[in-house]
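Undergrad: next come a sequence and a model predicted from it.
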Amino acid sequence: MSTTTATPQQTTGSTGGPDLAALYKHLRVVDVVDALDGIGYFNLTLMSPELRPLWSGMRFWGPAVTIRAVPSNKPMWRLEGTQDIVEAHRIWFERYPATRLPDDLPPNHVIVMESGGGPEVGFWGSENAMGAVGGGAAGIITDGYCRDTAEIELQRTPVVARKRGRTIIPGRIEVVEVQGTIACGGVRVDPGDVVGCDEDGAVVVPAAVAQEVAVHARAILLADMHARRRHYDAQGKKPDSTVDADAVIAYYESL
Ligand SMILES: O=C([O-])CC(=O)C(=O)O
Ligand SMILES: [Mg+2]
């Protein structure tokens with residue numbers, strides 16, 4: 001396998017720091033995991049394999065923004081009439097105001113949630129997850145539940161979850177902190193770490209090594225693309241984008 005010296009690119013994001021999401025575009029989770037191995041981070045930052053993308057073909061990378069939630073330990077009360085039942089969220093949040101992520105989140109951020117391990121609750125659903133994407137999220141990772149999962153797939157909304165669920169927020173779960181250090185899927189996540197997923201699972205790359213890991217991982221990807229391309233050619237298989245190393249090289253040269 002070919003090797004590359006780790007000389008991180010000086011690609012910058014909108015905040016003036018390196019545009020890590022751009023450096024990770026095209027990388028597979030396996031490339032990043034192999035690169036983490038290469039710097040001695042064996043298995044340290046692999047999220048539990050129980051956390052799964054909710055539809056096939058999902059892949060995203062981006063800087064983490066974090067949410068920590070706990071079971072509410074407060075019941076939702078009985079509501080009178082259809083309209084109040086439809087507006088249960090509003091009524092709950094009027095009494096217990098929501099802790100929300102700030103507005104100035106980096107582009108292509110990934111919302112990572114520690115759900116508190118409570119009972120089934122579809123904190124994420126097809127409406128609020130799609131809204132998060134509209135707000136600039138590249139993906140959502142929760143160690144809890146997501147509901148409306150048929151629509152999540154139909155919309156191609158990038159959600160990774162541990163479970164599919166049915167029930168709704170009021171009386172079950174509350175966000176108590178945003179942009180703090182959390183644990184999700186058994187690993188630590190700090191805001192600004194690079195997190196991502198694909199069909200193989202989800203992984204965290206600590207911010208301190210994120211640029212270096214991206215450089216190693218790119219070399220690993222390109223070496224593998226070349227090797228697979230030789231199999232394609234030997235077996236008369238029509239090349240596809242997964243063996244188009246020239247396109248990947250051109251992309252990175254353009255950054
Ligand atoms: O309403 C919620 O809290 C979760 C949900 O079903 C959605 O966002 O679609
Ligand atoms: Mg819903």
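TA: Nice, I can see it. Ligands and ions are numbered 1, 2, ... in the order given.
Undergrad: helix, strand, or coil at residue 141?
TA: strand (DSSP: H, G, I helix; E, B strand; the rest coil).
Undergrad: ok, it - how many residues close by?
TA: 27 (other Cβ atoms under 10 Å). In this view, the C-beta of every residue, glycine as well, is placed from N, C-alpha and C.
Undergrad: what of residue 24?
TA: Look at residue 24: counted by other Cβ under 10 Å, it has 26 neighbours.
Undergrad: surely it meets residue 194?
TA: Yes. Contact status for residue 24 versus residue 194: in contact at 6.1 Å, counting by Cβ atoms under 8 Å.
Undergrad: for the stretch 151-255 of the chain, which residues score under the pLDDT cut-off?
TA: Judged by pLDDT under 70, the stretch 151-255 of the chain has no weakly predicted residues.
Undergrad: what ranges do the helices span in it?
TA: 210-234, 245-253 (DSSP state H, counting those that start in this stretch).
Undergrad: ditto for the stretch 1-150 of the chain
TA: 20-24, 29-38, 82-86, 88-95, 126-134, 149-155.
Undergrad: show me the contacts for the residue of the stretch 51-200 of the chain found nearest ligand 2.
TA: Taking Cβ to the ion, ligand 2 has its nearest neighbour within the stretch 51-200 of the chain at residue 125, 3.3 Å off. By Cβ atoms under 8 Å, 6 or more residues apart in numbering, the contact set of residue 125 is 146-148, 152.
Undergrad: out of those, which are close to ligand 1?
TA: Taking Cβ under 6 Å from any ligand atom as the test, ligand 1 is in contact with 147-148 out of the contacts of residue 125.
Undergrad: can you flag which of the contacts of residue 125 belong to strands?
TA: Members of these lying in strands (criterion: DSSP state E): residue 146.
Undergrad: ok, which pair from the contacts of residue 125 is furthest apart?
TA: Greatest spatial distance in these: 147 and 152, 8.6 Å, computed using Cβ to Cβ.
Undergrad: which stretch among the helices of the stretch 1-150 of the chain approaches residue 172 most closely?
TA: Nearest to residue 172, of all those, is helix 88-95, at 9.8 Å by Cβ to Cβ.
Undergrad: between that closest one and helix 126-134, how many degrees?
TA: Counting by axes from the mean of the first three to the mean of the last three Cα atoms, to 10 degrees, helix 88-95 lies at 70 degrees to helix 126-134.
Undergrad: give the buried residues for helix 88-95.
TA: 88, 92 (16 or more other Cβ atoms under 10 Å).
Undergrad: who in the stretch 51-200 of the chain is up against ligand 1?
TA: 122, 125-128, 147-148, 168-169.
Undergrad: starting at the chain centroid, how far to the top strand by length along the chain?
TA: For the chain, the longest strand by residue count, based on DSSP E, is strand 60-71. Averaging C-alpha positions (Cα atoms, centre = their mean, to the nearest Å) puts strand 60-71 8 Å from its chain's average.
Undergrad: what pairs with it, and is each one parallel or antiparallel?
TA: Applying DSSP bridges to the sheet, strand 60-71 is found paired with strand 109-114 (parallel), strand 173-178 (antiparallel), strand 194-198 (antiparallel).
Undergrad: got JSON lines for those strands, with mean neighbour count too?
TA: Formatted as JSON lines, the strands paired with strand 60-71 follow (neighbours: other Cβ atoms under 10 Å):
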{"stretch": "strand 109-114", "mean neighbour count": "26"}
{"stretch": "strand 173-178", "mean neighbour count": "18"}
{"stretch": "strand 194-198", "mean neighbour count": "25"}
